[in-house]
Each structure stands twice: as C-alpha cells, then as structure tokens.
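Visitor: model this:
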Amino acid sequence: MKNKTSFEYFYFLPFSANTKYKPFISTFFFLIYLVGVLINSSIITVICLEVQLHEPMYLFICNLSIVDIFYVSVMVPKLLHMLLSGNHIVSYSQCYTQFYFFSAVVTAEGILLFIMAYDRYVAICLPLHYHRILSQRNCILITIGVWAAAFLNSLIYVTSVLYMSSCHSNLIHQFFCDPKSLTKTTCIGTEIVFAITGMEIVIFAFLPFMCTFFSYFKIFFTIFKIKSSESRRKAFSTCSSHITVISIYYGTSLIDYLIPSYSDFLDLTFKVVYTTITPMINPIIYSLQNSSIKTALLGVIKEMQILTPSGPCHFSP
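Guide: Residues are numbered from 1 along each chain as shown. Below you'll find the predicted structure:
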C-alpha cells in the first residue's frame, strides 16, 4: 500500500473503549468461535465418515463448513488478541493478509451457494441425468474450480487495494480489515478499488444470486406440478435448509453494504452477524433440517457413547 503520511500501521477501535465490557465481549466471541468451529468440524467429520453421505450435495455442504471455519478463524482470533492484550495496532501486512483470506472465503461462499442450488435443480428437475451431470469427477473439478477462483480473485482484489494511499487517518472503527473500512482511510487510488469492487459485486454476488433465483424458480415450478402432496413435501424438505442459508447470507450481506458509511455502530453490528454468527448458524440449520445429516450425527454420537465407559474402571489384581 502506498503511504503518503507517516502511518505505518492501522489502529482498530472495534468496540467501546470502556474496559469493563471487554471480558463480556471477549467471552461472547470466544464462544461463537468455539461453537462455530466445533459444529462445522462435526459436519465435516460426519460427512467424511458416513458412506451414505458421499453424494454431491453433501460434498458441497462439507465445503461450505470449511468456508465457515475459515470465516471465523480469519477474524475472531485476532479480535480476541486485541481485546485481551489491549494492543489494537495492526500492521499493514497483517491487515492485508486478513483481507486476502476474507475476500477468498466470501467469494467461495457465494459460488458454493449457487452450486448447491444447481445441485437441487438437477436433482428435482433432471433426476435421470443427476449422476451423469454431477458425477464424482465433475464434483471434484467443481470443488477445485471454486477454491481456485476464490483465491485468484482475492489476489487480484488485494493487489488493487495496495495501490491506495492512506492519508486521512489510520483509525478504523471495525474489528477486521474490510474494503469498506479501508477506503475511509484513503484519498488516492480509491477509483480503481471502487471499479473492481463493482465488478466483484456483479460477478460474484449478483450473477450467482440471479442464477440461484432462476434455479429455484425452475425447482418450484417443477414441484408444483407434482400431484402427490407427500412427494411435494419431500421435494420442499430437500431445499428448505439451503433456502434458509441463502436468505440469511444475502439478507445480512445486502443490509451490511447498504448501511450508510457514517453509521459505524450499525456497520459493526451487521458485520458481526454477517461474518461470525452466520457461519455458526449455517451448520445448525443443515443439521436440524436435513434428516440424513441429523441421523448420521445421532449415529456417531451413539457410537461414541457405546465406546465410552459408562461406569468407573475396575482393574484386576
């Protein structure tokens, strides 16, 4: 990043400067991080262990859980370090490293949600061609393509941000490095960033959303043509968890980017929901609404209970 002033770091002020609230805030984010990592790790483990879940839909759910672990891991540990140590100084290299991985997981999640919608479209509208279109080879190529596109796009995005010059201030009222906050500190080079941000929104947000919307339009059109009410219910149930996750993801992210730039409190609030609480909620939604995952989770828990001794250990003399 080009620097026209003596600034050599950013100073983050994520929450109130009143120290009496820091223990509560630290505990809150630690619990969010712990629960998010544990639940997403459980989803990944169950899908890997259970052979009946080795289907395209569950492969994509597994990747979504990996994305959610990255989400909280990119931001929460550094936030906890700032809150517990009192050191709110973040170097440029730390900031842009965090920004790189954040941009990558945002891109990956947007593409994955569209791929999951396409998976449901093929399963309901083209069931006879499902295993041909979403074969194991194709699913592996899709997964590699999602992550390659995410990290390559993030590299291009971060490179453009490096051309900005910080000359207004090095103070950021946020808990992680995001483009919206960084542009408030700069005065030169923002035109390039705004142009690339606009392209990012169109390519990795608007287009996936429209494709997802079109997929579900076709899905619902097909479902309503089904005469059996039981078949319609089953078809809806296979889509309900994904629709819920999409609604939360696009709803919170849209509100976040529509918040006026002068409203730091609202911006911070929706950033917390969008980047930390949502990744924790996603696996809960899938585990509660997807009967296969719920059954597999309960099966693993029962196996662990069987393997765990229920009483005190008795040793032979």
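
Visitor: which residues does Ile39 contact?
Guide: By CB atoms under 8 Å, 6 or more residues apart in numbering, the residues touching Ile39 are 280, 283-284, 287. For every residue, glycine as well, the C-beta is placed using N, CA and C.

Visitor: Show me how to select, in PyMOL, the buried members of those.
Guide: Buried residues among the contacts of Ile39 (16 or more other CB atoms under 10 Å), as a PyMOL selection:
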select buried, resi 280+283+287
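
Visitor: What about the contacts of Ile39, which are in helices?
Guide: 280, 283-284, 287 (DSSP state H).

Visitor: quick check, nearest of these to Lys225?
Guide: Within the ones in helices among the contacts of Ile39, proximity to Lys225 (CB to CB) peaks at Ser287, which comes in at 30.7 Å.

Visitor: Just the pLDDT at that closest one, thanks.
Guide: In this model, Ser287 is scored at 74, pLDDT.

Visitor: about what we covered before: which one among the contacts of Ile39 gets closest to Phe270?
Guide: Met280 (15.5 Å).

Visitor: rewinding a little: just the ones in helices among the contacts of Ile39: which has the poorest pLDDT?
Guide: Ser287 (74).

Visitor: Leu297 is in contact with that one, correct?
Guide: Yes - the pair formed by Ser287 and Leu297 meets the contact definition of CB atoms under 8 Å, at 5.9 Å.

Visitor: For the ones in helices among the contacts of Ile39, please prepare TSV with the additional fields distance to Ile201.
Guide: Below are those laid out as TSV (distance: CB to CB, whole Å):
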residue	distance to Ile201
Met280	25
Pro283	27
Ile284	28
Ser287	31
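
Visitor: Which pair of those spans the longest distance?
Guide: Across the ones in helices among the contacts of Ile39 (CB to CB), the longest gap, 11.9 Å, separates Met280 and Ser287.

Visitor: before we move on, back to that, so what sits against both of Ser287 and Leu297?
Guide: Ser42.

Visitor: So which of the contacts of Ile39 is the closest to His173?
Guide: Closest to His173, out of all of the contacts of Ile39 and judged by CB to CB, is Met280, at 23.7 Å.

Visitor: any idea how far Gly299 is from the nearest residue to that closest one once chain neighbours are set aside?
Guide: Excluding the flanking residues, the one nearest Met280 by CB to CB, 6 or more residues apart in numbering is Gly36, at 3.8 Å. To Gly299, Gly36 is 23 Å away according to CB to CB, to the nearest Å.
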